[in-house]
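# sequence first, predicted coordinates after that:
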Amino acid sequence: MTEAFSAVEVISAKRDKYSLTDPQIDWIVDAYTRGAVADEQMSALLMAILLNGMEPREISRWTDAMIKSGKRMEWSALDRKTVDKHSTGGVGDKITLPLAPLVAACGGAVPQLSGRGLGHTGGTLDKMESIPGWRASLSNEEMLKVLKDCGAVICAAGADLAPADKKLYALRDVTATVQAIPLIASSIMSKKIAEGTSALVLDVKTGSGAFMSDPKKAAELARVMVELGVRAGVKTRALVTAMDVPLGLTAGNALEVRESVEVLAGGGPSDVVELTLILAREMLDTAGIKPLMDPADALKNGAAMDSWKAMVRAQGGDPDAKLPTAKQSTQVFATSAGTMTSMDAMKVGVSAWRLGAGRSRQGETVQAGAGIEIHAKPGDAVTAGQAIYTLHTDESPRFARALEALENSFEVGTIGAKVDRLPLIIEKIEG
Ligand code: URA
C-alpha cells in the first residue's frame with residue numbers, strides 16, 4: 001500500500017512547531033493503528049506534541065481519528081436518555097459505584113465503560129471484580145440488555161472502542177508522554193464519545209493524589225475536554241474537584257465496594273455522599289432528565305440500592321455475598337494528640353498499591369482484599385496512640401514498603417489548628 005505521507009515529515013512538522021493538517025492527523029493515527037508507523041516514530045511525535053502542544057482543531061481531529069479507529073456505540077434502542085461520568089482518577093475514588101445505580105434509579109441510563117487501574121489510583125473494574133461472580137466482559141447485546149433492565153451497566157470497554165488509544169496509551173506510558181493535555185484530553189474523550197453517551201460529566205481531579213496536581217492545569221484539561229465533547233455533539237460539563245486528601249475512608253478494591261454499599265444503604269462517609277449527590281444532580285441536569293426522585297431520597301429509600309443489586313446480579317455477581325478480606329493486617333498510630341491538619345492522598349494511594357490493591361504492569365492480578373482503612377481525616381481530633389490507618393494485604397512482606405510510603409503522610413497540629421484542604425468542588429466548566 002502506498003502511504004499518503006511519511007512519518008518523518010509529520011514528526012518534523014510538529015518538531016518545528018507547525019500545526020498538523022487534518023489529512024496528516026487522519027493518516028498518522030490510522031497508519032500507527034494498523035502498524036505502518038513504527039513505535040519509535042510515534043514516540044517521537046508524541047514527545048513533539050508534549051513539548052509543542054496542539055491547537056484546538058488539531059486536538060479535535062486527533063480525537064476523531066481515534067474514534068474512527070474503532071466502532072462508535074449507539075443506544076437508540078433505549079427509552080431513556082444516556083448520561084455518563086468520567087473521573088480522571090484519584091485515591092479512594094469509588095464514586096462510580098454508587099453513582100451509576102443512583103442515576104439509574106432517578107431515570108437516567110448510564111453506559112459506564114471502565115478500565116482497570118494502573119499505578120496508584122484504582123480502576124473501577126478491579127473494584128467491581130472483588131464482588132464474587134461479577135463479570136466485567138459483556139457482549140454489546142448483553143450490555144444493552146443490562147442497561148435496559150437495570151438503567152446502568154459498568155463493564156469493560158471492548159477491543160473495538162478506540163483501539164488507537166489502547167496502543168497510544170501503552171506507548172505514552174513508557175515514553176514519559178502521558179502528561180500532555182492534548183493527549184490526555186483526546187484519549188479520554190475518544191473513548192467517551194465512542195461509547196455513545198448523549199451527555200457526560202467529567203470529574204477532573206486535582207491535588208497531590210491526582211494526575212494533574214496543579215488546579216490551573218486541571219481546569220485547562222477540563223476546558224479542553226468539554227470543548228471536545230461539545231464539538232462532537234455530546235452535552236458535556238466538568239467539575240474540578242479535590243484530590244489532596246483520599247476520598248472517603250478506604251482505598252483498595254473490596255474495601256471500596258464495602259464503602260460504596262454503605263453509601264447506597266443511606267450511610268457512608270460525608271465526602272463520598274456529597275460528591276455522589278453533586279455528580280448525580282449534574283448528570284441528570286446535563287442530560288436534561290427530569291428526575292423520578294431526588295438523588296438524596298433515592299439513597300435513603302433503597303431505590304439506588306435496588307438498582308445496584310439488579311446491576312450486579314445481571315452481570316453474574318452476588319450483591320449479598322461476603323466480600324473478600326485480606327489475610328494480614330497492621331496499623332499505624334498517631335504519636336501526638338491534637339487536630340489532624342493534612343493527609344497526603346498520593347502517599348495513601350502508593351501505599352495501597354504496594355499492598356497489592358493496584359498493579360505496576362498491565363495484566364498483573366490485583367488482590368481483592370488489599371488496601372487501607374483510614375480512621376481519621378483532616379479536621380478530626382486525634383489522641384496519641386490512636387490508630388490512623390489499618391493496612392491489609394495477603395502477603396505480609398509487602399508491609400515494609402507500604403509503611404514506608406505512609407511516612408509523614410499526615411500531620412497533627414494543636415487542638416483546633418487550621419486545616420489545610422482544597423474545597424471539594426473547585427470549579428465548574430460548562431459547554
Ligand atoms: N485516562 C485516560 O484514559 N487517558 C489518559 O491519557 C489519561 C487518563
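Received, thanks. In this text the structure is predicted, and so the values were computed from the model without any measurement.

# can you pull the residues of this protein lying near the ligand?
88, 169, 178, 183-184, 187-188 (Cβ under 6 Å from any ligand atom). Backbone N, C-alpha and C define where each C-beta goes, glycine included.

# how does it look with 8 Å?
88-89, 115, 165, 169, 172, 178, 183-184, 187-188, 191, 211 (Cβ under 8 Å from any ligand atom).

# filter the residues you listed down to the ones in helices?
165, 169, 172, 183-184, 187-188, 191 (DSSP state H).

# can you flag the buried ones in those?
165, 169, 172, 183-184, 187-188, 191 (16 or more other Cβ atoms under 10 Å).

# picking that back up, now the residues of the chain next to the ligand as CSV including pLDDT?
Putting those into CSV (pLDDT from 0 to 100) gives the following:
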residue, pLDDT
88, 93
89, 89
115, 77
165, 94
169, 90
172, 92
178, 88
183, 96
184, 95
187, 96
188, 96
191, 96
211, 85
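
# now, among those residues, which is nearest to residue 360?
Within these, the smallest distance to residue 360 is 14.8 Å, found for residue 178 (Cβ to Cβ).

# list the contacts for the closest residue in space to that closest one that isn't next to it in sequence?
Nearest in space to residue 178, with sequence neighbours left out and distances taken as Cβ to Cβ, 6 or more residues apart in numbering, is residue 172 at 4.8 Å. Residue 172 is in contact with 46, 178, 183, 187, counting by Cβ atoms under 8 Å, 6 or more residues apart in numbering.

# 7 Å instead, please
For residue 172, the contact set (Cβ atoms under 7 Å, 6 or more residues apart in numbering) comprises 46, 178, 183.

# and this structure, what are its domains?
7-53, 84-321, 328-413 (automatic domain parsing).

# first to last residue in the longest one, what's the distance?
I take that to be domain 84-321. Start-to-end span of domain 84-321 (Cα to Cα, to the nearest Å) is 28 Å.

# so how far is it from its chain's centroid?
6 Å (Cα atoms, centre = their mean, to the nearest Å).

# quick one: residue 187 and residue 171 touch, right?
No. Taking contacts as Cβ atoms under 7 Å, residue 187 lies outside contact range of residue 171: 11.3 Å.

# name the nearest residue to the residue in the stretch 51-200 of the chain positioned nearest to the ligand, ignoring sequence neighbours.
Of all residues in the stretch 51-200 of the chain, residue 187 sits closest to the ligand, at 3.4 Å by Cβ to the nearest ligand atom. Distances taken as Cβ to Cβ, 6+ apart place residue 165 nearest to residue 187, at 5.2 Å, with adjacent residues excluded.

# ok, the one you found - contacts?
Counting by Cβ under 7 Å, 6+ apart, residue 165 has contacts 66, 187, 190-191.

# could you redo the last one with a cut-off of 10 Å?
Residues near residue 165 by Cβ atoms under 10 Å, 6 or more residues apart in numbering: 29, 33, 63, 66-67, 69-70, 157, 172, 183, 186-191, 194.

# ok, now residue 352?
The contact partners of residue 352, by Cβ under 10 Å, 6+ apart, come to 91-92, 120-122, 246, 250-253, 255-256, 358, 370-372, 389, 391-393, 402, 405-406.

# is the closest residue to it other than its chain neighbours in a bridge, and if so with what?
For residue 352, ignoring the flanking residues on the chain, the nearest one in space by Cβ to Cβ, 6+ apart is residue 251 at 4.1 Å. Residues in a beta bridge with residue 251, per DSSP bridges, are residue 372.

# can you give me the strands for the stretch 1-150 of the chain?
With DSSP state E, counting those that start in this stretch as the criterion, the stretch 1-150 of the chain has strands at 83-87, 110-114.

# got the contacts of residue 172 as TSV, with distance to residue 106 columns?
Converted to TSV, the contacts of residue 172 look like this (distance: Cβ to Cβ, whole Å):
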residue	distance to residue 106
46	41
178	35
183	34
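
# burial measure for the residue nearest to residue 352, as a count.
Residues contacting residue 251 under the criterion other Cβ atoms under 10 Å number 34.

# what does residue 233 give?
9.

# now do the nearest residue to residue 383 once chain neighbours are set aside against residue 412, distance only.
Nearest non-adjacent residue to residue 383, counting by Cβ to Cβ, 6+ apart: residue 337, 4.9 Å away. The gap separating residue 337 from residue 412 is 7 Å, by Cβ to Cβ, to the nearest Å.

# go ahead and measure how far stretch 49-56 is from the middle of the chain.
Mean-position distance between stretch 49-56 and its chain equals 24 Å (Cα atoms, centre = their mean).

# tell me which residues in it are buried?
49-50, 52, 54.

# the residue nearest to residue 383 contacts residue 417, correct?
No. In this structure, residue 337 is not within contact of residue 417 by Cβ atoms under 10 Å, at 11.7 Å.

# can you tell me which residues contact residue 413?
Counted by Cβ under 10 Å, 6+ apart, residue 413 has contacts 336, 338-342, 378, 419-420.

# show me what contacts the nearest residue to residue 9 once chain neighbours are set aside?
Counting by Cβ to Cβ, 6+ apart, residue 24 is the residue found nearest to residue 9 once chain neighbours are left out, at 8.0 Å. For residue 24, the contacting residues are 4-5, 9-10, 13-14, 18, 58, 61, by Cβ under 10 Å, 6+ apart.

# who does the nearest residue to residue 78 once chain neighbours are set aside form a beta bridge with?
Closest residue in space to residue 78, ignoring its immediate chain neighbours: residue 109 at 5.1 Å, by Cβ to Cβ, 6+ apart. Counting by DSSP bridges, residue 109 forms beta bridges with residue 82.

# residue 392 versus residue 109, what's the distance?
When residue 109 is compared with residue 392 (using Cβ to Cβ), they lie 36 Å apart.

# again, but for residue 122
Plainly put, residue 122 is 14 Å away from residue 392 if you go by Cβ to Cβ.

# residues near residue 428, how many?
14.

# brilliant, that's me finished.
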